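**Q** Sequence unavailable; structure follows:
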């Protein structure tokens, strides 16, 4: 039986790897299911796909996550910019059909915002959805994580795919684990030879960053040496946060049921990998964060050839960190502010973040490969023009990009400072002397002295650092940055209304950005009681908020 669409396309956009894992799982399942119909699903990361080829695609499945404050994953942003071009005709994708699966977390304000935007925009360009959008939302807060939505979505979508691909007939997705033959046919096979040299697959596979760099400067790989690694939090404090300085050296290019001999182990693995065993998979693998080695130790009869095991294990995804220093501070160096991720699983197993744990143990002289990509905040010093006022809000490690912006402004000695220019920094931590990051710098700044450079010099403009402590000993009530913002409403009212004001917000994407924006609105509604200036109405304050976001005078860099 012939296929109507010879080569449907799966595109994924991922930063942490979850969307990539889902995409490749679907790729394996559907290629196995449709193998007898000569249908071959193609799969690409969106960054490796030419967006202009979308007009020739008949059927596309998108799998993508939502990052930060409702943002697209970094690999997706170039494609999204192209899809938003105003000169695109409404019927551009009228010959295409599509499906979207979004990975998100409903505890965030902008749950699955990237998937929602993409679904709407594809429809505006004439593409026809195979499923309603409400069926397409994976939620990490569900009992089984995003798997709770992925399995029903796959079962609903597969009959539509069969209808589109196999002349109107329908079927349902076969439950259960893939056969050994299907797994073998869908994996990339690598030849592992310790004596081999040259440019073969093994060179790319074992590159320090997982794959060769793109020619784009945003993905250039830099070789660096660790020059400093200082713990910022107290030694007896539960949360370890490190400030690590990297000095540039140069730029460079850089299926578990498989053949288990034990019947009981094979049956258990088949159950875990089946649709019926989704809750068991969630409890055993995801909640406990078991790695591949631990699973193989739990099921010692499993024998997986190394070349197939390498194909099964996904490449470790890059971890993005906001740079905590200005290029003007230390020549050819950059600093990161890294909190070591530590968790205790439901079965009381301690887990340390792979990348943050690695960074914390780095020693002076260690060689580290990293990529540098454009961040969310504007590079004011590039054109020598800074806003008159800067309001920088960064609780916890969100202070990292705020510190970089602050350094950049103070070290741009040639930049003009209009009269009454100011920088107000709002930082939040739990306890004084324990996790007040860069505490000495804040004290120096509040004394009117310069903490960056060889010798303290008078500050070229007014700088004030406001620090909120939520768990100080003897403190009756918790104080957060939002409290400090509203306490300083008399200072901030005029600053917020000044059209030459920039507001930067960085930190946790859960409640913080929303709470800060609400505080800014309340400040404008309150007015300046000391000067007897009436505030704005709620409608006017909300319009002001939307305007500065639209004009990019308020930028949020948030993460989970």
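**A** Structure received. Keep in mind it's a predicted model, so treat the numbers as computed, not measured.

**Q** Can you verify my assumption that residue 312 contacts residue 305?
**A** No: Residue 312 is not in contact with residue 305 according to C-beta atoms under 8 Å; the separation is 10.5 Å. All C-beta atoms are positioned from the backbone trio N, CA, C, and that covers glycine.

**Q** For those two, indicate the residue with more neighbours.
**A** Neighbour count, other C-beta atoms under 10 Å: between residue 312 and residue 305, residue 312 has more, with 17 against 12.

**Q** Now the lengthiest helix in the chain: buried residues?
**A** Secondary structure of the chain per DSSP state H: the longest helix is helix 147-165. By 16 or more other C-beta atoms under 10 Å, the buried positions in helix 147-165 come out as 147-151, 153-154, 156-158, 160-162, 164-165.

**Q** Residue 15: which of the residues you listed is nearest?
**A** residue 150 (18.2 Å; C-beta to C-beta).

**Q** Does that closest one touch residue 102 like I think?
**A** No: applying C-beta under 8 Å, one finds residue 150 not in contact with residue 102, separated by 10.5 Å.

**Q** Between the two, which contacts overlap?
**A** residue 138 (C-beta atoms under 8 Å, 6 or more residues apart in numbering).

**Q** about what we covered before: show me what the longest helix of the chain is packed up against.
**A** Under the contact definition 3 or more C-beta pairs under 8 Å, 6 or more residues apart in numbering; DSSP states H and E, helix 147-165 sits against helix 18-33, strand 59-65, strand 97-104, strand 137-139, helix 278-281.

**Q** per-stretch mean pLDDT over those, give me the minimum one.
**A** Lowest mean pLDDT within the helices and strands packed on helix 147-165: helix 278-281, a mean of 79.

**Q** What's opposite the residue most central in space within the chain in the beta bridge?
**A** Closest to where the C-alpha atoms of the chain average out (C-alpha atoms, centre = their mean) is residue 67, at 4.6 Å. Beta bridges link residue 67 to residue 71 when assigned by DSSP bridges.

**Q** Show me where the stretch 301-450 of the chain dips below the pLDDT cut-off.
**A** Low-confidence segments of the stretch 301-450 of the chain (pLDDT under 70): 311, 414-415.

**Q** the helices in it, which residues?
**A** 306-312, 354-360, 380-383, 399-410, 439-446 (DSSP state H, counting those that start in this stretch).

**Q** Okay, angle between the last one and helix 399-410 too, please.
**A** Here the directions of helix 439-446 and helix 399-410 differ by 40 degrees (axes from the mean of the first three to the mean of the last three C-alpha atoms, to 10 degrees).

**Q** helix or strand right after helix 439-446?
**A** Next helix or strand after helix 439-446 toward the C-terminus (DSSP states H and E): strand 462-469.

**Q** Could you list the paired strands of that following strand along with their orientation?
**A** Paired neighbours of strand 462-469 in the sheet (DSSP bridges): strand 422-429 (parallel).

**Q** outside of the partner strand, which residues touch it?
**A** Residues external to strand 422-429 that are found in contact with it (C-beta under 8 Å, 6+ apart): 388-396, 399, 402, 406, 409, 435-437, 442, 445, 461-470, 480-481, 484-485, 488, 491-492, 495.

**Q** In PyMOL, how would I select the buried members of those residues?
**A** A single PyMOL command selects the buried members of the contacts of strand 422-429 (16+ other C-beta under 10 Å):
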select buried, resi 388+389+390+391+392+393+394+395+396+399+402+406+409+435+436+437+442+445+461+463+465+466+467+468+469+470+480+481+484+485+488+491+492+495
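
**Q** What's the local residue count around residue 349?
**A** Neighbour number of residue 349 under other C-beta under 10 Å is 12.

**Q** Just the buried residues of stretch 297-312, please?
**A** Under the neighbour-count criterion of 16+ other C-beta under 10 Å, stretch 297-312 has 299, 302, 304, 308, 309, 310, 311, 312 buried.

**Q** Name all residues that make contact with the nearest residue to residue 317 once chain neighbours are set aside.
**A** Nearest residue to residue 317, sequence neighbours excluded (C-beta to C-beta, 6 or more residues apart in numbering): residue 17, at 4.1 Å. The contact partners of residue 17, taken as C-beta under 8 Å, 6+ apart, are 314, 316, 317.

**Q** so what's the backbone phi/psi at the second one?
**A** Residue 316 has phi and psi values of phi -60, psi 130 when expressed as degrees, to the nearest 10.

**Q** That one and residue 155: what is the separation?
**A** 31 Å (C-beta to C-beta, to the nearest Å).

**Q** again with the last one
**A** Using C-beta to C-beta, residue 317 is found at 28 Å from residue 155.

**Q** Same check on the first one?
**A** Noted for residue 314: a distance of 24 Å to residue 155, by C-beta to C-beta.

**Q** what does residue 509 give?
**A** 31 Å.

**Q** Could you do residue 25 as well?
**A** 14 Å.

**Q** my guess is residue 471 meets residue 431, correct?
**A** Yes: using C-beta under 8 Å, residue 471 makes contact with residue 431 at a distance of 5.1 Å.

**Q** ok, these two, which is more surrounded?
**A** Neighbours were tallied for residue 471 and for residue 431 using other C-beta under 10 Å; the higher tally belongs to residue 431 (16 against 13).

**Q** Identify the residues contacting that one.
**A** 237, 469, 471, 472, 473.

**Q** Adding distance to residue 339, secondary structure and pLDDT, write those residues out as CSV.
**A** As requested, the contacts of residue 431 are arranged in CSV below (distance: C-beta to C-beta, whole Å; DSSP: H, G, I helix; E, B strand; the rest coil; pLDDT from 0 to 100):
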residue, distance to residue 339, secondary structure, pLDDT
237, 11, coil, 91
469, 17, strand, 94
471, 16, coil, 88
472, 20, coil, 88
473, 22, coil, 84
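
**Q** between those residues, which is nearest residue 341?
**A** Using C-beta to C-beta, those come closest to residue 341 at residue 237, 15.1 Å.

**Q** How many residues are close by that closest one?
**A** Other residues lying near residue 237 total 15 when counted by other C-beta under 10 Å.

**Q** One more: residue 43?
**A** Residue 43: 22 neighbours (other C-beta under 10 Å).

**Q** and it, what are its bridge partners?
**A** Bridge pairing for residue 43 (DSSP bridges) gives the partners residue 10.

**Q** Let me know the pLDDT of it.
**A** Confidence score, pLDDT, at residue 43: 93.

**Q** That one reaches residue 12, doesn't it?
**A** Yes: between residue 43 and residue 12 a contact is recorded at 7.3 Å, counting by C-beta under 8 Å.

**Q** Report the set of residues contacting both of these two.
**A** Shared contacts of residue 43 and residue 12, defined by C-beta under 8 Å, 6+ apart, comprise residue 23.

**Q** Beyond the host helix or strand of residue 496, next helix or strand please.
**A** Assigned by DSSP H and E, residue 496 falls within helix 489-497. Sequence order places strand 501-508 as the next helix or strand after helix 489-497, per DSSP H and E.

**Q** so what secondary structure elements neighbour that next one?
**A** Using 3+ C-beta pairs under 8 Å, 6+ apart, strand 501-508 sits against strand 389-393, helix 399-410, helix 512-526, strand 554-559.

**Q** ok, now which ones touch residue 288?
**A** So residue 288 contacts 345, 346, 347, 349 (C-beta under 8 Å, 6+ apart).

**Q** how many other residues sit next to the third one?
**A** Yep, that's residue 347 we're talking about. When neighbours are counted by other C-beta under 10 Å, residue 347 registers 8.
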